[in-house]
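Engineer: Build me a model from this:
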Amino acid sequence: MQQLRLEAQLREVIGKGAARMTRRNGMVPGILYGLQKDNTLLQIDEKNLHTIISSEGFESSLINLEIGDIGSEIVLIKEIQRDPVSRKLLHADFMRISLEKEITVHIPITLLGTPLGVRVSGGVQEFAHRELEIRCLPTAIPEHIELDVTEMLIGDLIRISDINPEGIGILDDPETIIMTIRPPRLAAVEAPAAEEKAEVAEPEVITRRRAEEPKETE
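Structural biologist: Below you'll find the model as predicted:
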């Protein structure tokens with residue numbers, strides 16, 4: 001499991017005006033919470049944060065967050081907000097974790113190879129479930145789960161119940177189909193055109209927030 005490093009500074013002033021000023025100075029407002037400790041307001045260099053979230057599997061990567069003279073905390077990034085138009089980073093949420101307590105995270109599924117049913121029989125690979133919700137110790141979090149699909153034929157499928165990684169509990173429904181090989185005649189189903197609907201642009205959230213986690217309004 002990879003561990004990343006990120007520097008942060010304490011943020012003394014809150015509010016929308018202060019947050020805008022922070023962003024104009026090339027910093028991203030943030031908040032640190034968890035482990036029954038007080039919330040800590042932060043600001044992070046935008047370029048450094050962008051480097052972190054551009055790395056593969058950052059959502060489940062442990063981060064050594066170094067906060068000025070306070071010291072370091074082991075955290076996960078729980079939420080990143082972006083401006084929906086400019087894509088500028090708006091806010092970051094970090095959650096403290098204990099290396100001795102299990103946590104719940106989402107990790108991607110990676111398929112290895114091209115199925116025989118696609119190469120030889122002209123079938124179509126349908127990759128329906130692309131990530132797993134797992135629970136394990138932070139030090140046991142894998143970057144991804146690999147599935148070898150090279151020998152799969154038309155009609156074959158993989159369910160979540162077919163996966164049993166050591167030391168990891170999978171929380172998804174065991175009967176959920178991860179991928180299957182469809183016959184060619186079922187592949188050419190045209191999806192109905194999506195109805196266009198004008199909406200007011202909202203900040204895009206690219207990681208998950210659990211219901212009990214705090215949210216800072218800025």
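
Engineer: okay, CA-based contacts and neighbour counts for the rest of this
Structural biologist: OK.

Engineer: quick one, phi psi at residue 184?
Structural biologist: In this entry, residue 184 is assigned phi and psi values of phi -60, psi -40 (degrees, to the nearest 10).

Engineer: which secondary structure element contains residue 143?
Structural biologist: Under DSSP states H and E, no helix or strand contains residue 143.

Engineer: So for the residue nearest to it when sequence neighbours are not counted, what's the pLDDT?
Structural biologist: Spatially, and ignoring its direct neighbours in sequence, residue 143 is nearest to residue 57 (5.9 Å; Cα to Cα, 6 or more residues apart in numbering). The confidence metric pLDDT takes the value 82 at residue 57.

Engineer: Also the one 10 residues further on?
Structural biologist: Per-residue confidence (pLDDT) for residue 67: 95.

Engineer: Now do the buried residues in stretch 57-70.
Structural biologist: By neighbour count on 16 or more other Cα atoms under 10 Å, the buried set for stretch 57-70 is 57-67.

Engineer: next one: that stretch to chain centre, how far?
Structural biologist: 15 Å (Cα atoms, centre = their mean, to the nearest Å).

Engineer: Can you give me the end-to-end span of it?
Structural biologist: End-to-end distance of stretch 57-70: 27 Å, with Cα to Cα, to the nearest Å as the criterion.

Engineer: Check stretch 141-155 too.
Structural biologist: Stretch 141-155 end-to-end distance (Cα to Cα) = 32 Å.

Engineer: ok, and what's touching that stretch?
Structural biologist: 1-2, 57, 60-61, 107-118, 121, 123, 168, 180-183 (Cα atoms under 8 Å, 6 or more residues apart in numbering).

Engineer: Would you convert the buried residues of stretch 57-70 into a markdown table that also reports secondary structure and distance to residue 40?
Structural biologist: Converted to a markdown table, the buried residues of stretch 57-70 look like this (DSSP: H, G, I helix; E, B strand; the rest coil; distance: Cα to Cα, whole Å):
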| residue | secondary structure | distance to residue 40 |
| --- | --- | --- |
| 57 | coil | 25 |
| 58 | helix | 21 |
| 59 | helix | 20 |
| 60 | helix | 21 |
| 61 | coil | 21 |
| 62 | strand | 18 |
| 63 | strand | 16 |
| 64 | strand | 15 |
| 65 | strand | 12 |
| 66 | strand | 13 |
| 67 | strand | 10 |
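
Engineer: thinking again about what came up before, I'd say the residue nearest to residue 143 and residue 107 touch.
Structural biologist: Yes: Residue 57 is within contact range of residue 107, at 7.2 Å (criterion: Cα atoms under 8 Å).

Engineer: Spatially, what comes nearest to residue 35 if we skip its sequence neighbours?
Structural biologist: With Cα to Cα, 6+ apart as the criterion, residue 35 has its nearest non-adjacent residue at 6.2 Å, and that residue is residue 96.

Engineer: Identify the bridge partners of that neighbour.
Structural biologist: According to DSSP bridges, the residues that bridge with residue 96 are residue 75.
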